[in-house]
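> here is a sequence together with a model predicted from it:
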Amino acid sequence: MDSLAGGELSSYSTPNILHALALIHNPTTKNQIRRQASDYLDQLKSSQGALQHGLALGVDQSQQPLVRHFGLSLLEHVVKHQSHELSDVQNEELRRCIIDLGRSITAQDPLFVRNKVAELWVDLAKRSWALDWLDLDQLLCQSWEQSNIHKSFVLTVLENLSEDTFFRDDPTAILRGRDLNAALVEIFTSTSDYGGGIRVGETIHHMRCGDEGWLFRISSFLQGSFGHVGEDADAKTTTLKAIATLRSAFGWVMAPAIETAGCLLVTCNCLTRSDEDIIISALDALIALYSRQHLQDAEVQTLVYSLCQAESVGILRQVYSWSIVSVDDILTQRYTISKKLSELVSLLSDLVTRTAPPESSSMDITAFLNFMIAIAQHDSLIVSIPAVHSWERLFAMPSWRRSEAVSGCVSTLLDVVCPRLLQYDQLPEDTDEPAVIFVNEEIEIFPERQGFYLNYRRLCSSVVEWVCYVHLEHATDFVLSQVETALGRVRTEDAAFNPADYRRISPLGLRADTQFSITDAAFKGLDKYLSGSRAHATEETKEIGERVRERCKAWALRMLADHRFKDPSITQRQVKTAVEISARAFQSDTGFAVAVLEHILASFMPAKPEYPAYSDGVTELHSYNAMELRRLAQSHADYFASFYEQLSGKFGDLISTLNMDPRIQTDLKSILFLILQRASSTDPEQQRSRLWTFLEPISNAWNDPSLQEALSSFQNYTRSQNFDAVGPFLSSVNAGQLEEWTSTFTNENGRRVQQQMVEAYNQVPLREARILLSTSTERLEQDSPVHHMICDLWTPIMPQILRGVLQIASYNHQLHNPDSWPNVSPDLAPTIKRVLRDRYWQSGISEGSMNDFHSKVKQTKSTLEGFASSVRGRIRTNLEQCYSIIHTLGRLGERFYSIPQVPELIAEALISTTGPLSPHHFSVLLLMLPKLIEECPPALRQHFLTPILSMLLQQIDHKLVTEWQTMEVRKQTMQEGESLSDEMRDESVLRQTTYKAVNMVSLWLSPRREFELTAKKSIVNGAHLMNGNKSQTMSEFVLSNHRVLEPLLVFTTHALTFKDTKATQTMIVTAQRIIPAFVNEQYLQGEGAASVREYISTEILKAAITALNDSHFADYQQHYAHLIANIWLAYGLPAHVPATDNHPAHDRPSLTETPRNVLLSLPNMDVAKVDAAAEKLLKEGINGKPKRLRAIVLHLLEGVRGVRISDLGKIDTRAQQSRILEKYKQRESLAMQGIDGRAETEGPDLGGVADMFGET
């Protein structure tokens, strides 16, 4: 025999195969030899001898288990890939052999061998059962009558056949379609539930053996296994398999069959067993049952009401009480049981509350509701949140929220949710708060953890809001009296406040925030009631509403008058609540608005420079106060205008008395501008004149000759902003040789450079222009007199501002290139690069908590790192101000978008200069651009968007392609000692930037986006988008503009293979939208449309096939397969064209042979396989079921595509997902979790089942 160590194996003999296997499994084998052995065995699978050797090794009981397993793998490969090449006799022999393997299993066979044999049965069944193999059920029944080992084998076959048929995206099962579905339904159900029968030729064959079906057999087995599980390990394994098989069937089998077979009762009985594994398995089965969609009301009464009865609830509550653990036992199975019980009860609640509350004679729901409260009280918010969510949904049901049973739970429920409005994510990492410990153990990624807490608080707040709405008088009085008491205790502790001890996040501040959050929720309830009473007013509701409104107003005024806090963070939170109350419940009450105004003005407090942290807190309070004053003034401009002079004087006093930061002075000035602008005026000219007094200094500043000179060149600009002093300072302190900048304090020279940079920045009217522009255009109704007036005021100075802003933006882009800095020698460039590298915190990558990170940043202000931070902060601020001004100018509508040459200037100065930007800074630009693009009036898109989108797509493509390539090289060449956290951080940022880019591009082609924009009140140019068919949609513009379309297609091609599945999935959807646009000449004519089709059929098709072959995208293969199918169907296959007004219906030939040629160029692909797949696709058509289309492609490319993790041993990924965490850890609002397009998990394919029972 040839030795692998000495050369290639030349033959597929049994000794050579055994030797190769021995080499692979020997840990001392060299990697090169192991690879050669693996290649040899892989080649054997595709050889003519695979069947012979598979039979020889798989059947031979004397072989080692690993050898037998390899032999079975050979048989598996033959069944999947070569059975169509075998003769009928060979296929029959192969089937007989595999059947015998299953019938001859023994307890001595390792589990992995038995599972492999079961997998072979499943593979055979998916291909030939109910076609030319009719006795599968009979064989299963025969094995069922034997030992527990045989029963486990039968259950493995049934479970995997069920999963492949109804849940997994299995191409073979999908292509079999209805016949396989119907056969499985028949053998699982009894004759009385479903007669069944499959037509084969002219004969109807019944697949069921006996009358009872597998639901009944499995239930009977479970019923009889009580008392035996603890004695026999095989019995327990079989029991778990039985429950798992029921769980799979519960997802698709009809409800009457579940009742007939007694499955529900026996599954619930499993909850009373003392074995934790069995309890968890039973809960999984029940969750699968009650997660089903479209249960009919009668089915709900049958399957759900029985579990909500007091007796059943008592049993569930006993199990739950037993499962409760402390934080020390969080990793135990008992805690898992608590979570699953919570999920189950939440599902039951959602089903039972779908209809009106049942009569107490038929079901007493009180015990069930109390159980839901008990679950909500769990120390783990992960256990609690499904119950809280169910309560929130229950209150949304009019027939339930006022029921007697629910009313009796209100007090206890408030005691649960009110304290839990605490901001848990702000507690320190080492807190002993159980709620935080539970969450931290399960959710490692900080944004997901934060999202979970946010969702939990939203739900608790919503419950308080609903309770106060439903029980307005009693609940509101109760809640606000408790808040008043709690705030009194906070005020008492705050009286001893010491500025030296100030912390932005403090225990006292969090307690205060909780009480203000409760207040916000209660007043939302009042506002909901008042809004409802206005819409459906009765004398009683009016009287109650007015009475409670006055009481709440008195309470709010008392809260503002009696509770004054020294802690600026608590004061800021109180201001937020005060303005929120004014904007909601008292939105038209000018008296209350003035009280809030006076409170805010009184809350401005002097900073104390000797306490830096406290001074920062005061500055933050002042900035927040100004923002809330602006919000207040916008709602009450008319009334505030009546005492404008007094208010202006008060602002002046505050500025002089408190020596306010220039930023706050600008903010206060913008509030005065807003009042003058939004107040009703009888003299428009006088109003215009007064407003111009605010804008004239800005105009003069931009026209100042010194500023013009400073902006005339990059060198002049860097000198005017003191950037030219950075290099010499860093060189003077030898910064390049210092390892730790955070421990090196900045000297006097460095502090002087910092101060000069601040002063230079203040000389440029960037922020003042941005603030007044934003204030004057915010929420303006297009074509209103005020809008016209503002446009008239800004139009004369707009070109000068825009020119200066674009110059500043381009210069600051250039500053991201260390080689461009003035007074910086080549050897100092790495130091400048270090200066430009941002510090930011990322969960799971950065050390410590986010609060710790921010504290460290503030503590290093006076160090060399603080100096670097101030320099890059200045660049970042410049760019953010510039981006914001450009974006805000778009609110001026046609006045801005129609300016000649502006699009080219933006493309050249703002977009083409982004090359030096890091992905992190590039993403900031991507945040600004969408609104600027989307708000462009359709009539001006050709003029304005063409150069901008063309340049933007080129820059995005170049940036992301380059960065992903760099990241791949970096991973492959990483040296020992390099920081892995830096690589992880950079990759995380790159992923975020990639997703922002692809999401922006995808929205241009979204058919829903145009309608979404018209519904947004904040869209200034929304009227332009509402012209229906009169104007071109954004999608039509992009697809018909070759200057935009060309870089879009290139970017789409590249983005399909970026190593970020979230982004690539979005781009697959985008590509799917592009394909049908060029089936005809709707957007481009002649050669233009043909060239687009050829590009898609070549480059995008190749990219999709490449991704399909990449294991990184293994879990998204179905999406790429669907894309391939659509390209092939749209362009590469004949199609029927329906009749139009101008043309009759006709059949057209394929538009190009390119898709077929690309597929034929793949390894091991032949004409017969490609043509067979084409025929199947034609049969389905372009509007065929996506599952079937992608199954055809996946079947064709079986040898090309990468291997899914879940395919390695048929791991059940459904059971491992935590529904609670997946549902609640996303930051998006629970009500906003719908996405454009089909959900990632489509659920069971019930098409065949629905056909059988006439369902739709």
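Great, that's in hand. The shown structure was predicted, so the numbers you read here are calculated from the model rather than taken from an experiment.
> please make it C-alpha for all contacts and neighbour counts, starting now.
Will do.
> and what about residue 199, helix, strand or coil?
Secondary structure of residue 199, reduced to three states by DSSP: H, G, I helix; E, B strand; the rest coil: strand.
> number of nearby residues for it?
Look at residue 199: counted by other Cα atoms under 10 Å, it has 12 neighbours.
> one more: residue 75?
Neighbour number of residue 75 under other Cα under 10 Å is 28.
> list the contacts for it?
Contacts here follow Cα atoms under 8 Å, 6 or more residues apart in numbering; on that basis residue 75 touches 50, 51, 54, 55, 120.
> repeat that for residue 467.
Contacts of residue 467 by Cα under 8 Å, 6+ apart are 395, 410, 475, 525.
> how far is the helix or strand hosting it from where the chain is centred?
Using DSSP states H and E, residue 467 sits within helix 446-470. Here the centre of helix 446-470 is set off from its chain's centre by 18 Å, with Cα atoms, centre = their mean, to the nearest Å.
> and the helix or strand just after that helix, what's buried?
Later in the chain than helix 446-470, the nearest helix or strand by DSSP H and E is helix 472-494. For helix 472-494, the neighbour count (16 or more other Cα atoms under 10 Å) marks 472-473, 475-477, 479-480, 483-484, 487-488, 490-491, 494 as buried.
> with stretch 102-114 instead?
So stretch 102-114, judged by 16+ other Cα under 10 Å, has buried residues 102, 103, 105, 113, 114.
> and the residues you listed as JSON lines, adding pLDDT, secondary structure and distance to residue 1103?
Below are the buried residues of stretch 102-114 laid out as JSON lines (pLDDT from 0 to 100; DSSP: H, G, I helix; E, B strand; the rest coil; distance: Cα to Cα, whole Å):
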{"residue": "102", "pLDDT": "94", "secondary structure": "helix", "distance to residue 1103": "42"}
{"residue": "103", "pLDDT": "94", "secondary structure": "helix", "distance to residue 1103": "46"}
{"residue": "105", "pLDDT": "93", "secondary structure": "coil", "distance to residue 1103": "45"}
{"residue": "113", "pLDDT": "94", "secondary structure": "helix", "distance to residue 1103": "38"}
{"residue": "114", "pLDDT": "95", "secondary structure": "helix", "distance to residue 1103": "39"}
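> can you map out the strands along this structure?
Counting by DSSP state E, the chain has strands at residues 198-200, 203-205, 1135-1137, 1146-1148.
> how is this structure divided into domains?
684-892, 1056-1211 (automatic domain parsing).
> let's have those in a markdown table, adding distance to residue 532 and mean neighbour count.
Formatted as a markdown table, the domains of the chain follow (distance: least, Cα to Cα, whole Å; neighbours: other Cα atoms under 10 Å):
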| stretch | distance to residue 532 | mean neighbour count |
| --- | --- | --- |
| domain 684-892 | 26 | 18 |
| domain 1056-1211 | 40 | 18 |
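> lowest average pLDDT across those domains?
Confidence, taken as mean pLDDT, is least for domain 1056-1211 of the domains of the chain (a mean of 87).
> centre of the chain to that domain, how far?
26 Å.
> so where's the stretch 401-550 of the chain uncertain?
Low-confidence segments of the stretch 401-550 of the chain (pLDDT under 70): 533-537.
> apply 90 and report the result again.
Low-confidence segments of the stretch 401-550 of the chain (pLDDT under 90): 428-430, 443-450, 531-543, 545.
> still on that earlier bit, just flag the most distant two among the contacts of residue 75.
Spatial extent of the contacts of residue 75 (Cα to Cα) is set by the pair 50 and 120 at 15.1 Å.
> list the contacts of residue 692.
Here residue 692 is in contact with residue 793 (criterion: Cα under 8 Å, 6+ apart).
> how much space separates it from residue 807?
25 Å (Cα to Cα, to the nearest Å).
> now residue 622
32 Å.
> contacting residues for residue 65?
Contacts of residue 65 by Cα under 8 Å, 6+ apart are 109, 110, 113.
> hmm, try it at 10 Å
57, 58, 71, 109, 110, 111, 112, 113 (Cα atoms under 10 Å, 6 or more residues apart in numbering).
> residue 973: which of those residues is nearest?
Out of the contacts of residue 65, the member with the shortest distance to residue 973 (by Cα to Cα) is residue 112, at 38.1 Å.
> show the contacting residues for that closest one.
65, 66, 69, 118, 1209.
> was I right to think residue 182 contacts residue 198?
Yes. Counting by Cα atoms under 10 Å, residue 182 sits close enough to residue 198 to count as a contact (7.6 Å).
> need the overlap of contacts for these two.
Listed as contacting both residue 182 and residue 198 by Cα under 10 Å, 6+ apart are 130, 207.
> more neighbours, those two?
residue 182 (22 against 19).
> state the distance from that one to residue 85.
Counting by Cα to Cα, the gap from residue 182 to residue 85 is 28 Å.
> for residue 775, same thing?
74 Å.
> again, but for residue 932
Taking Cα to Cα, one finds residue 932 at 60 Å from residue 85.
> between these two, which is the more surrounded one?
residue 932 (16 against 10).
> can you give me every residue that contacts the nearest residue to the more buried one once chain neighbours are set aside?
Of all residues not flanking residue 932 in the chain, residue 887 sits nearest, at 5.3 Å (Cα to Cα, 6 or more residues apart in numbering). Taking Cα under 10 Å, 6+ apart, we find residue 887 in contact with 770, 774, 881, 927, 928, 929, 930, 931, 932, 933, 935.
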